[in-house]
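Engineer: got a sequence here, can you model it:
(one chain, ligands or ions: 2)
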Amino acid sequence: MTRLLLIALFTTALIFSTERATASIELITNGDFETGDFTGWANSATGAGLEFTINGGSFNPTGPGGALAPIAGQFDAVSSQTSSALNLVTQIFQVPLNITNATFSWADRIRNFGGQFSDPNQEFRVLIEDMAGGLIQEIFSTDPGDPLQQVGPNNRLFDLTTLLQSLAGQDIQIAFEQQDNLLYFNATIDNVSLQVDVIPEPTAALVWVVLASCLGGTTLRRRFR
Ligand SMILES: [Ca+2]
Ligand SMILES: [Ca+2]
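Structural biologist: Ligands and ions are numbered 1, 2, ... in the order given. Below you'll find the model as predicted:
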């Protein structure tokens with residue numbers, strides 16, 4: 001009877017661990033901006049930046065851009081300015097332990113009325129940064145020669161598994177930055193997602209506890225024989 005119970009416990013633990021091994025976590029809050037505001041994000045600007053603005057389809061940025069429907073759902077976020085500027089939205093998160101897969105994705109529109117892209121003064125870029133704003137890795141950026149009007153929406157997807165594994169347990173941030181000093185530049189973002197698969201910490205511990213119980217039970221039975 002005891003043996004059956006132990007086998008049942010161990011089997012349950014194995015099944016439990018297998019199921020939990022595929023746990024998937026979304027690290028970004030309000031990545032689709034469907035709250036209608038910047039909940040979860042920090043939104044700021046320097047110079048003549050007007051920050052990113054929530055767009056429900058009628059936001060008409062300064063310059064020739066004009067209003068566009070949201071990329072997805074009811075809202076997206078659009079950068080604008082009256083002159084040389086840096087507009088940025090950032091979000092902080094803690095990198096989980098035991099990541100087996102990490103996929104970073106978003107959708108954007110890029111509208112550059114400055115005649116050219118130039119790094120970094122007329123550029124849209126997406127960065128992984130430390131908490132002080134120091135660059136850890138550039139994930140994406142426009143480059144000189146790119147098409148000036150990329151209304152898309154452009155769906156971007158990057159595998160960050162190796163990068164995030166190297167940052168396990170740390171607080172870091174993602175940053176969407178639009179900088180300009182040539183002429184008007186509108187960057188639009190939506191559907192920001194950082195999906196990670198992790199092996200939850202308790203799983204391994206649970207298996208070991210049940211294993212120890214099994215071994216302990218066997219030893220006790222042997223002593224009573
Ligand atoms: Ca949206
Ligand atoms: Ca660049």
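Engineer: residues contacting the residue most central in space within the chain?
Structural biologist: Computing the C-alpha centroid of the chain and ranking residues by C-alpha atoms, centre = their mean puts residue 194 first, at 3.0 Å. Going by C-beta atoms under 8 Å, 6 or more residues apart in numbering, residue 194 touches 26-28, 31, 93, 102-105, 160, 174. Using the backbone N, CA and C atoms, a C-beta is placed for each residue, glycine as well.
Engineer: quick check: bridge partners of it?
Structural biologist: residue 104 (DSSP bridges).
Engineer: ditto for the one 4 residues further on
Structural biologist: According to DSSP bridges, residue 99 are recorded as the beta-bridge partners of residue 198.
Engineer: quick check: it vs residue 77, distance?
Structural biologist: 28 Å (C-beta to C-beta, to the nearest Å).
Engineer: so between these two, which is more surrounded?
Structural biologist: Using other C-beta atoms under 10 Å, the more surrounded residue of residue 198 and residue 77 is residue 77, with 26 against 20.
Engineer: does that one touch residue 192 like I think?
Structural biologist: No: assessed by C-beta atoms under 8 Å, residue 77 is found out of contact with residue 192, at 9.2 Å.
Engineer: could I have the CA atoms of whichever strand or helix holds residue 86 written out in PDB?
Structural biologist: Residue 86 belongs to strand 76-94 when assigned by DSSP states H and E. Taking Å, rounded to 0.1, in the frame of the first residue of the first chain, the C-alpha atoms of strand 76-94 are listed here in PDB:
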ATOM      1  CA  ASP A  76      -1.300  52.600 -30.300                       C
ATOM      2  CA  ALA A  77       1.400  55.100 -29.300                       C
ATOM      3  CA  VAL A  78       2.900  57.800 -31.700                       C
ATOM      4  CA  SER A  79       5.900  60.000 -31.200                       C
ATOM      5  CA  SER A  80       6.000  63.700 -32.300                       C
ATOM      6  CA  GLN A  81       7.900  66.900 -31.900                       C
ATOM      7  CA  THR A  82       8.200  70.500 -32.800                       C
ATOM      8  CA  SER A  83      11.900  70.500 -33.400                       C
ATOM      9  CA  SER A  84      15.100  68.500 -32.400                       C
ATOM     10  CA  ALA A  85      14.000  66.000 -29.800                       C
ATOM     11  CA  LEU A  86      14.300  62.600 -28.200                       C
ATOM     12  CA  ASN A  87      11.100  60.800 -27.300                       C
ATOM     13  CA  LEU A  88      11.200  57.600 -25.400                       C
ATOM     14  CA  VAL A  89       9.000  55.100 -23.700                       C
ATOM     15  CA  THR A  90      10.600  52.500 -21.400                       C
ATOM     16  CA  GLN A  91       9.400  49.600 -19.200                       C
ATOM     17  CA  ILE A  92      11.300  47.900 -16.400                       C
ATOM     18  CA  PHE A  93      11.000  44.200 -15.700                       C
ATOM     19  CA  GLN A  94      12.900  41.500 -13.800                       C
END
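Engineer: counting neighbours, what do you get for whichever residue of the chain sits closest to ligand 1?
Structural biologist: Of all residues in the chain, the one sitting closest to ligand 1 is residue 73 (3.5 Å; C-beta to the ion). Neighbours of residue 73 under the rule other C-beta under 10 Å: 12.
Engineer: also residue 50?
Structural biologist: Neighbour tally, residue 50, other C-beta under 10 Å: 15.
Engineer: kindly report the same for residue 78.
Structural biologist: Neighbour tally, residue 78, other C-beta under 10 Å: 27.
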